[in-house]
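In: A structural model of the following input is requested.
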Amino acid sequence: MKKLLVLVLALMLALSLSACGEEKDLAGQSTEIFVFAAASMQESLTAAIDGYKSVAPDVTVTATYDSSGALKTQIQEGAPCDLFISAAPRQMNALDGALKGDADKNPDGLDFIVQGSRIDLLENKVTLAVPAGNPAGIRTFDQLADLLKNGEVLLAIGNSDVPVGQYTQKIFAYYGIDEASVAGKLTYGSNAKEVTTQVSEGTVDCGILYGTDAHSAGLTVVDSAAAELCGQVIYPAAVINSGTQSEAAQAFLDYLSTPEAKACFEAVGFSPLA
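Out: Numbers count the residues shown, from 1 in each chain. Next comes the predicted model:
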């Protein structure tokens, strides 16, 4: 009888210790969330992610930076993504199931957004930036338009499938510039960072890029595009429903609207909206 009692007590103790061990493992369990963000956010979002470590030490935020169009395609193709931050509403709209009936905004009827999570996070500016010393003496978008039409300037712009290139197309339309007719005076970048690099290296006379990229690269901005030239430059953000960490992604998105995160964005020229 005593032997049986000893065995029962030993078994209960073992089970108790095992349960405690499991609770300890769960308490220290880490979570990884995957964030896809526009290339123009790299410096500021990296700083915000570093700040988030003190708020959620058990959460690892892995960020991928590229053009919004490329990131949207990757999400469609099944790449792991929990949170998407686009440099324009266009790419987000194309993934938003709430817009399925709108053939212009969501032509393929895609549904990748967790409804209720989408916010307008930031506003940027489209700017005209020049290399060190401004050798070509460019000062304004008005002047740039005349120089382009006369074939007297080499300009770096984004491809037509990325937001910074689409904003540039609106500027061209405002000035009545036929892109095909000035193609010999244009160079292209597959995202905003590539345009910034061309200006930084002085391989072009100027570039149309985001104010935040110009700030981060230490470039001189000679003019900023008013809303009438290209509209507002809004960065929407939303949790992706094909991800596996929606709660953790929402918590991180909430953090991006805190004063601590906003300071990271404002430091490079973003205007927080959320």
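In: buried set for stretch 206-224?
Out: 206-216, 219-220, 222-223 (16 or more other Cβ atoms under 10 Å). For every residue, glycine as well, the C-beta is placed using N, CA and C.
In: Out of these, name the ones that lie in helices.
Out: Gly211, Thr212, Asp213, Ala214, His215, Ser216 (DSSP state H).
In: Can you tell me how far the fifth one is from Leu209?
Out: Think His215. Separation of His215 from Leu209 (Cβ to Cβ, to the nearest Å) stands at 10 Å.
In: Closest to Asn191 out of the ones in helices among the buried residues of stretch 206-224?
Out: Among these, Asp213 lies closest to Asn191 (Cβ to Cβ), at 9.7 Å.
In: Does that closest one touch Lys193 like I think?
Out: Yes: Asp213 is within contact range of Lys193, at 6.6 Å (criterion: Cβ atoms under 8 Å).
In: what residues are shared contacts of the two?
Out: Listed contacts common to Asp213 and Lys193 are Ser40; contacts here mean Cβ atoms under 8 Å, 6 or more residues apart in numbering.
In: Could you tell me how far the helix or strand hosting Thr127 lies from the centre of the chain?
Out: Secondary structure assignment for Thr127, by DSSP states H and E: strand 126-130. In terms of Cα atoms, centre = their mean, to the nearest Å, the centre of strand 126-130 is set 19 Å apart from its chain centre.
In: now stretch 121-132
Out: Stretch 121-132 sits 15 Å away from the centroid of its parent chain (Cα atoms, centre = their mean).
In: same thing with stretch 162-178?
Out: 21 Å.
In: try stretch 208-221
Out: 16 Å.
In: Ok, stretch 210-224 next?
Out: Counting by Cα atoms, centre = their mean, stretch 210-224 is centred 17 Å from the centre of its parent chain.
In: Count the neighbours of Asn150 for me.
Out: A total of 10 residues lie near Asn150 under the criterion other Cβ atoms under 10 Å.
In: low-scoring stretches of the stretch 1-150 of the chain, by residue?
Out: In the predicted model of the stretch 1-150 of the chain, residues 1-28 satisfy pLDDT under 70.
In: run the last query once more with 80
Out: Regions of the stretch 1-150 of the chain meeting the criterion pLDDT under 80 cover residues 1-29.
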